[in-house]
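Peer 1: give me a model of this one.
(one chain, ligands or ions: 1)
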Amino acid sequence: MQGIETVSLAGKKIILGVTGGIAAYKAAELCRLLVKAGADVRVAMTAAAQQFVTPLTCQALSGKPVLTSLWEAASGDGMEHIHLSRDADLILVAPASADFLAKLAHGRADDLLTALCLARACGLAVAPAMNREMWAAAPTRRNLEQLQADGVSVLGPAAGEQACGETGLGRMLEPADVLAALPGLLGRGPLAGKRVLVTAGPTFEAIDPVRGLTNRSSGKMGYAVAQAAAEAGADVCLVSGPTCLATPAGVRRIDVHSAAEMRDAVLRELPSDIFIAVAAVADYRVEAAASRKIKKSAAGLTLSLVPNPDILAEVAARPDAPFCVGFAAETERLAEHAEAKRLKKKLPLLVGNLAQDTLGQDSAELVLFDEQGRHPLPRADKLAQARHLITHLATLLN
Ligand code: C5P
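Peer 2: So this is what the prediction gives:
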């Protein structure tokens, strides 16, 4: 992935749909960024969107008349919604309200923007924005599931403070983050055409049907890496241990629990061009997990542990090995341990971090180790770090 200054959408025709919600003000900035990236932008606004931002704002920013009505847009043959959508490389609806998503999921076409979406022959991406309860509501969940099954890319939402004063999931992504996702959706980006397999999160090794051994990995770094790879245009499969995170747009996710399940899923997904092992795989599992709940006893309990397979080392040793990237979380002497691990597992690239500074956090300080040496990445949020990593990886590959 690229920093937003370097995102190029030159030659791409994008319809920016704006629906009614307070986040509509972000659409003005997004429109500016799209134009700056070289896109040919037509803005289509719903009636509700015009209660928040005027068409004149979007006209001034896009340099083109704004589309507001199915009837006014009709040209000679009255088929303007068909022509416009045929001509586009992508329709991007940002913000997409709960009501708009509901209409989209049901194939409604009672205004210009819904008609454009239904008549399209190009990709469709939506950046939802709504109150957290609306986002969590069962009908919205159903609509989202339907839209994803229909191939619509869902960008965000983000968590944080909301216009209504509540805090939670439902904020529209920042315009720069929406922009960052577009090259990948348009088949551009440094990893276009590449298959990328990512592992993320902890593993859970059963002791008995109700207990298990796990670790404090949140999965945030692995999910950020999967997102950054998708933004860079890759076809991404994410094999994830138990986490509470949402799947990044355009990423296919396989859920697993134990290291053995993770290994099986990874091997099934090969061959791949790139394998990025971010998961904190348990080094040991219980030799014989009990099939019934172990009863408490004053005598204490001794568990016999056996080593788990090293998924990364196994993949890196295959004759058809992808380009393999490892992660090493250390609590001390980072450079020494990380470089030793890179050589032992025969990896072209290894990402080192201090476990105590990173686990469960939203930001990380990383060091990349490759054949050329060390490349420190000063502390930044995990998505920014993941984007740096993918840029570095793409440079090594090319
Ligand atoms: O050896 P260590 O566990 O520190 O190596 C970390 C790297 O190896 C990470 O990339 C991790 O995802 C991967 N790994 C693995 N399977 C294991 C243990 C670690 O793929 N059983």
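
Peer 1: how deep is residue 196 tucked in, by neighbour count?
Peer 2: 28 (other CB atoms under 10 Å). (Glycine included, C-beta is placed from N, CA and C.)

Peer 1: confirm it sits in a helix?
Peer 2: No - counting by DSSP: H, G, I helix; E, B strand; the rest coil, one finds residue 196 to be strand, located in no helix.

Peer 1: ok, it - contacts?
Peer 2: Residues near residue 196 by CB atoms under 8 Å, 6 or more residues apart in numbering: 226, 229, 234-237, 272-276.

Peer 1: what's next to stretch 294-311, contact-wise?
Peer 2: Identification of contacts with stretch 294-311 by CB under 8 Å, 6+ apart yields 199, 203, 205, 207-208, 211, 259-260, 262-263, 266, 277, 279, 281-288, 345.

Peer 1: quote the end-to-end distance of stretch 199-216.
Peer 2: For stretch 199-216, the first and last residues are 15 Å from each other (CA to CA, to the nearest Å).

Peer 1: and the average pLDDT for it is what?
Peer 2: Mean pLDDT, computed over stretch 199-216, is 97.

Peer 1: before we move on, what SS does the residue nearest to residue 368 when sequence neighbours are not counted have?
Peer 2: Counting by CB to CB, 6 or more residues apart in numbering, residue 375 is the residue found nearest to residue 368 once chain neighbours are left out, at 4.2 Å. Of the three states, residue 375 takes strand under three-state DSSP.

Peer 1: how many other residues sit next to residue 375?
Peer 2: Neighbourhood size, residue 375 [other CB under 10 Å]: 15.

Peer 1: could you check how far it is from the ligand?
Peer 2: Separation of residue 375 from the ligand (CB to the nearest ligand atom, to the nearest Å): 17 Å.

Peer 1: so who does that residue touch?
Peer 2: Counting by CB under 8 Å, 6+ apart, residue 375 makes contact with 367-369, 392.

Peer 1: same check on residue 287?
Peer 2: Under the criterion of CB under 8 Å, 6+ apart, the contact partners of residue 287 comprise 303-306.

Peer 1: do residue 234 as well
Peer 2: Listed by CB under 8 Å, 6+ apart, the contact set of residue 234 reads 184, 189, 191-192, 194-196, 273-274.

Peer 1: quick one: which of the residues you listed is nearest to the ligand?
Peer 2: Using CB to the nearest ligand atom, residue 274 comes nearest to the ligand of the contacts of residue 234, at 13.1 Å.

Peer 1: hmm, that closest one is touching residue 316, no?
Peer 2: No - under the criterion of CB atoms under 8 Å, residue 274 lies out of contact with residue 316, with a separation of 11.9 Å.

Peer 1: what residues does residue 326 make contact with?
Peer 2: 277, 312, 341-342, 345, 347, 349-351.

Peer 1: go through the residues you listed and flag which are in strands.
Peer 2: Using DSSP state E, the members of the contacts of residue 326 that fall in strands are 277, 349-351.

Peer 1: can you pull the residues of the stretch 201-350 of the chain lying near the ligand?
Peer 2: With CB under 6 Å from any ligand atom as the criterion, the stretch 201-350 of the chain comes near the ligand at residues 259, 277-279, 281, 308, 310-312, 326-328, 341.

Peer 1: could the residues you listed go into a markdown table alongside pLDDT and distance to residue 78?
Peer 2: Shown next, in a markdown table, are these (pLDDT from 0 to 100; distance: CB to CB, whole Å):
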| residue | pLDDT | distance to residue 78 |
| --- | --- | --- |
| 259 | 98 | 61 |
| 277 | 98 | 56 |
| 278 | 98 | 53 |
| 279 | 98 | 55 |
| 281 | 98 | 60 |
| 308 | 98 | 64 |
| 310 | 97 | 64 |
| 311 | 98 | 58 |
| 312 | 97 | 59 |
| 326 | 97 | 59 |
| 327 | 96 | 57 |
| 328 | 92 | 62 |
| 341 | 94 | 65 |
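
Peer 1: what's the following helix or strand after the helix or strand bottoming out on mean pLDDT in the chain?
Peer 2: Sorted by mean pLDDT, DSSP states H and E, the helices and strands of the chain end with helix 355-358, the least confident at a mean of 75. Per DSSP states H and E, the first helix or strand lying C-terminal to helix 355-358 is strand 363-370.

Peer 1: neighbours around residue 260, how many?
Peer 2: Residue 260 is surrounded by 15 other residues when neighbours are defined as other CB under 10 Å.

Peer 1: now do the SS call for it.
Peer 2: When states are read from three-state DSSP, the local structure at residue 260 comes out as helix.

Peer 1: contacting residues for it?
Peer 2: Neighbour list for residue 260: 285, 308-309 [criterion: CB under 8 Å, 6+ apart].

Peer 1: ok, what's across the strand from residue 286?
Peer 2: With beta bridges defined as DSSP bridges, residue 286 has these partners: residue 305.

Peer 1: by neighbour count, which of the contacts of residue 287 wins?
Peer 2: Within the contacts of residue 287, neighbour counts (other CB under 10 Å) peak at residue 303, which reaches 15 neighbours.

Peer 1: now that one: which helix or strand?
Peer 2: Residue 303 belongs to no helix or strand when assigned by DSSP H and E.

Peer 1: start at 46, not 1
Peer 2: Okay, using 46 as the starting number, the last item reads as residue 348.

Peer 1: confidence score at it?
Peer 2: Residue-level confidence at residue 348 comes out at 95, pLDDT.

Peer 1: try residue 374
Peer 2: Listed pLDDT for residue 374 reads 88.

Peer 1: and what of residue 193?
Peer 2: We have a pLDDT of 89 for residue 193.

Peer 1: leaving out chain neighbours, which residue sits closest to residue 316?
Peer 2: residue 365 (5.3 Å).

Peer 1: and that neighbour, helix, strand or coil?
Peer 2: Going by three-state DSSP: residue 365 is coil.

Peer 1: phi, psi for it please.
Peer 2: Backbone dihedrals for residue 365, given as degrees, to the nearest 10, come out at phi -100, psi 30.

Peer 1: how many neighbours does it have?
Peer 2: With neighbours defined by other CB under 10 Å, the count for residue 365 comes to 8.

Peer 1: equivalent analysis for residue 297, please.
Peer 2: Counted with other CB under 10 Å, the neighbours of residue 297 add up to 13.
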